[in-house]
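*Asks:* have a look; sequence and predicted model below, questions after that.
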Protein chains: 2
Amino acid sequence: MVPSPDSRPPLRVAVLGCGVVGTEVVRLLTTQADDLAARVGAHLDLVGVAVRDVDVERDPVVDRALLTADGTALVEKADVVVEVMGGIEPARSLLLHAIEHGASVVTANKALLAQHGPTLYAAADEAGVDLYFEAAVAGAIPIVRPVRESLAGDHVRRVLGIVNGTTNYVLDRMTSEGLDLDQAVKEAQALGYAEADPTADVEGYDAAAKAAILASLAFHTRVSLDDVHREGITAVTADDVEWAARTGHVIKLLAIAERGEDADGTAGVLVRVHPALLPQAHPLAGVRGAFNAVFVEAESAGELMFYGRGAGGVPTASAVLGDVVSVARHRVLGGRGPVESSYADLPVLPTAVARTRYQVRLEVADRPGVLAQVAAELASRGVSIEAVRQSPSVEGAPARGDASAVAHLVITTHTAPDASLRATVDAVAGLDVVRSVVSVLRVEGI
Amino acid sequence: MVPSPDSRPPLRVAVLGCGVVGTEVVRLLTTQADDLAARVGAHLDLVGVAVRDVDVERDPVVDRALLTADGTALVEKADVVVEVMGGIEPARSLLLHAIEHGASVVTANKALLAQHGPTLYAAADEAGVDLYFEAAVAGAIPIVRPVRESLAGDHVRRVLGIVNGTTNYVLDRMTSEGLDLDQAVKEAQALGYAEADPTADVEGYDAAAKAAILASLAFHTRVSLDDVHREGITAVTADDVEWAARTGHVIKLLAIAERGEDADGTAGVLVRVHPALLPQAHPLAGVRGAFNAVFVEAESAGELMFYGRGAGGVPTASAVLGDVVSVARHRVLGGRGPVESSYADLPVLPTAVARTRYQVRLEVADRPGVLAQVAAELASRGVSIEAVRQSPSVEGAPARGDASAVAHLVITTHTAPDASLRATVDAVAGLDVVRSVVSVLRVEGI
Ligand SMILES: NC(=O)c1ccc[n+]([C@@H]2O[C@H](COP(=O)([O-])OP(=O)(O)OC[C@H]3O[C@@H](n4cnc5c(N)ncnc54)[C@H](OP(=O)(O)O)[C@@H]3O)[C@@H](O)[C@H]2O)c1
Ligand SMILES: NC(=O)c1ccc[n+]([C@@H]2O[C@H](COP(=O)([O-])OP(=O)(O)OC[C@H]3O[C@@H](n4cnc5c(N)ncnc54)[C@H](OP(=O)(O)O)[C@@H]3O)[C@@H](O)[C@H]2O)c1
């Protein structure tokens, strides 16, 4: 039985940061206090909230007497420390300090984990305390627990995630409304889905941090941000989105972590973030707006998908509180959650060896024999063609037969190593009959 | 750190049942032994497999020397007992015996949990051992852990589940191919998705057991099979499926557990299983074939969905092994998983007080004033109309104006208590101008 919360001293909880997420964490700790106590078996006593500026106006749910600018002193008097301040420093030092003082810690900080995860895990391991981070990967979506625990008797083959709500919103609006990228980003900014400086989202940095964490979890291997091959969505055009639809696809920014092999057959982990075409029937294709989802292919479990809100103060606080209850229960009932496991210790392989498929759109001379030339170029590099679509001359262009007539060629390849596909595209681009390579996108989810 | 598995005695694992699921559990325990040991921190020693008939031919992965018909003796020598035999007895007695002997237990048996869950939880609590059952709700889909742990700091408002793959396959084939129910059931039987006697699936018994478990978990309240209002899919016609599509819906068999209030304002839990119309844009609407999914609406987390394979020996074994690793880790590292919590102890309310929406299809006399009469009947019971569709006379029927002319009326209501909706349908059926009530389906997911 969970002991009665009144039968033991309360657990002292410190919150570092009181912004979008921190305010909601404080609200839930305050308004749900009785429920939390029943679930934990002890009362949770909020002993302080660390901020940069204690004088700034805040949500009235935050008791001003709890605010402090001295995070170091605060973590020393806590049993459970919640880090929702973001950034690398002082978050990293404060968490290490908390761990050394024997506190269990919960963080939502993906940037910190993607860069300094191993240091933090090692410290927690050494101190015998919990380090939980459900909110760091996909906001409110439970993904860390399922991958770490539910799939502990299985082997993950591949993880495909839509883990950035801003870019999913932008691509979704381009798809459903025919907006171009700039228009969609402006709309996202106006709605508060995108920051004034949207770089971290549209260039894929946020997704890359999450990809590193997902890959580490799924493959029991240390993967850091630097290991992630990253391409953002800035090159995606309205035309790409329209062509995706015509060929039965949608464009999504995917975080991909998968098992693979290099040319020598060495097994390893491949981790990348890039926009990709997904078949419209793929479960991830239906993930609309700012929602997130993570699709997992496991050896025995088969295909799994986890869907929900990847950001927002309130949903993120829900995930943080779930972690707080878990680590607090361990302090009451004994035990610890799963620890970092990097026992598989696989090498991270370069994306060049990833087996993927390309959809390439070309502007070519509109005359017989062009397709044959292009196809020969692919064949000579071992890349086979799955489908070709040749569309009538571009509107307003000279008619076929005219020496300057232009046609649109859309080639979808079968699977081949990424390096071969890249080399093939370069070779095709150099052909006389090819006016331009309009777009190159990977096709995933097959 | 997870201790080295060689530094401590192995944990003894007994498996009860060696059928569709049990065989795959034995296979994973055997083939993944090293990985499991690394994750648990101890070797897992399979000490025996209980079956009815030890002489029957079995998959060669099962070492004949491990087979026994004496389940009682087997559980006495195990640290972890996996129950995958199904049925109530002897599964119930064997699990209780195992728990009394101090073993941690893992079961996939939804029927047993839905009927005797409280007895088993209480015994496990008393003995201080774990009782895990991830595979019992939705096969390979992690749903128990997310609801029990990830949402431990949140409040669930509603759970909508597609938790029976057979009926989802049948309804999906009716939708995509226009098959009628019998044809689709025969197809499901031919493919092994439905049993020779499909009653447990098509009448909703299997889904009802899962609804009871989901409701207990989500609302921290004891809900048993008898508390679940149950309607199967046998009354669903090809015509219903076609009309659903015309009005922008799909028909799914849903297991629903939600918070509600009775007429006096008493808060409680509502639990039901029935076919329902879901808007085509709802995330559950895209769940195809034999896949399962559970959609959760929580106060802070918002909308979450968990998707995957709800049955099959291999996927189910994956979920069982995830539980085995969890309970085994607790034996190595100390601690226990979350225990049953029924602290909220809400009453289970009758479906009559559930607030829902109806889509009613009527054959009515095709003459002016009919809609006004029907609408007056609804209004007098406080049921307001969201949409009406009146379609031209039924094909081949007498033309409008003829006294025997018939029209088709499709009425979708706004939300009202189920009892009012039922009473309204009965009253409408009694009107002179109404030839017949063709179909009544609830509309959910809004
Ligand atoms: N927002 C989301 O939807 C979301 C979703 C998932 C994960 N996360 C993660 O959650 C974390 C917090 O995000 P957020 O959106 O809540 O950030 P935020 O709104 O910018 O809030 C940051 C808070 O931390 C405090 N802080 C920052 N630097 C500090 C320092 N050096 N010393 C003391 N306090 C300091 C700030 O204090 P002042 O108030 O005094 O400035 C502020 O209260 C980040 O790691 C983020 O990646 C956020
Ligand atoms: N199949 C699925 O996809 C699935 C999915 C989720 C959950 N589950 C649950 O998992 C459990 C097992 O399902 P299953 O499909 O594997 O069943 P199954 O194929 O019928 O296998 C049952 C096994 O239990 C043994 N058994 C039955 N009664 C016994 C008794 N009185 N004493 C000793 N052994 C006995 C049988 O022995 P013999 O071999 O000697 O007959 C057989 O090996 C059920 O609770 C089911 O609801 C199944």
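*Replies:* Ah, there it is. Ligands and ions are numbered 1, 2, ... in the order given.
*Asks:* run through the residues that contact A:Val61.
*Replies:* Contacts for A:Val61 (CB atoms under 8 Å, 6 or more residues apart in numbering or on different chains) come out as A:23, A:26-27, A:30-31. The way it works is simple: take the backbone N, C-alpha and C, and place the C-beta from them, glycine included.
*Asks:* gap between it and chain B?
*Replies:* 14 Å (CB to the nearest CB, to the nearest Å).
*Asks:* distance of that residue from A:Leu28?
*Replies:* According to CB to CB, to the nearest Å, A:Val61 stands 10 Å off from A:Leu28.
*Asks:* then A:Leu74?
*Replies:* A:Leu74 is 19 Å from A:Leu28, where distance means CB to CB.
*Asks:* could you double-check that A:Val170 lies in contact with A:Asp180?
*Replies:* No. At 10.3 Å, A:Val170 does not count as touching A:Asp180 under the criterion of CB atoms under 8 Å.
*Asks:* tell me which of the two has more neighbours.
*Replies:* Set A:Val170 next to A:Asp180 and count neighbours by other CB atoms under 10 Å in any protein chain shown: A:Val170 wins out with 29 against 14.
*Asks:* on that earlier part again, of the contacts of A:Val61, which is the nearest to B:Glu299?
*Replies:* Closest approach to B:Glu299 among the contacts of A:Val61 (CB to CB): A:Thr31, at 10.4 Å.
*Asks:* the closest one: what's it in contact with?
*Replies:* Each residue near A:Thr31 by CB under 8 Å, 6+ apart is listed here: A:Val61.
*Asks:* near chain B, which residues of the stretch 151-300 of chain A?
*Replies:* Proximity of the stretch 151-300 of chain A to chain B is confined to A:151-155, A:283, A:286, A:291, A:293, A:298-300 under the rule CB under 8 Å from any CB of the partner chain.
*Asks:* same deal with the stretch 301-446 of chain A?
*Replies:* Residues of the stretch 301-446 of chain A lying near chain B by CB under 8 Å from any CB: A:301-309, A:312, A:314-315, A:317-322, A:324-326, A:329-330, A:333-336, A:338-339, A:341, A:343.
*Asks:* near ligand 1, from those?
*Replies:* Subset of those in contact with ligand 1: A:Gly312, counting by CB under 6 Å from any ligand atom.
*Asks:* restricted to helices, list the residues of the stretch 151-300 of chain A next to chain B.
*Replies:* Among those, no member falls in helices (criterion: DSSP state H).
*Asks:* let me have these in a markdown table, adding distance to A:Glu83 as columns.
*Replies:* Output for those, formatted as a markdown table (distance: CB to CB, whole Å):
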| residue | distance to A:Glu83 |
| --- | --- |
| A:Leu151 | 26 |
| A:Ala152 | 26 |
| A:Gly153 | 31 |
| A:Asp154 | 31 |
| A:His155 | 32 |
| A:Pro283 | 33 |
| A:Gly286 | 34 |
| A:Phe291 | 25 |
| A:Ala293 | 26 |
| A:Ala298 | 30 |
| A:Glu299 | 35 |
| A:Ser300 | 35 |
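*Asks:* which one of these is nearest chain B?
*Replies:* A:Gly153 (2.3 Å; CB to the nearest CB).
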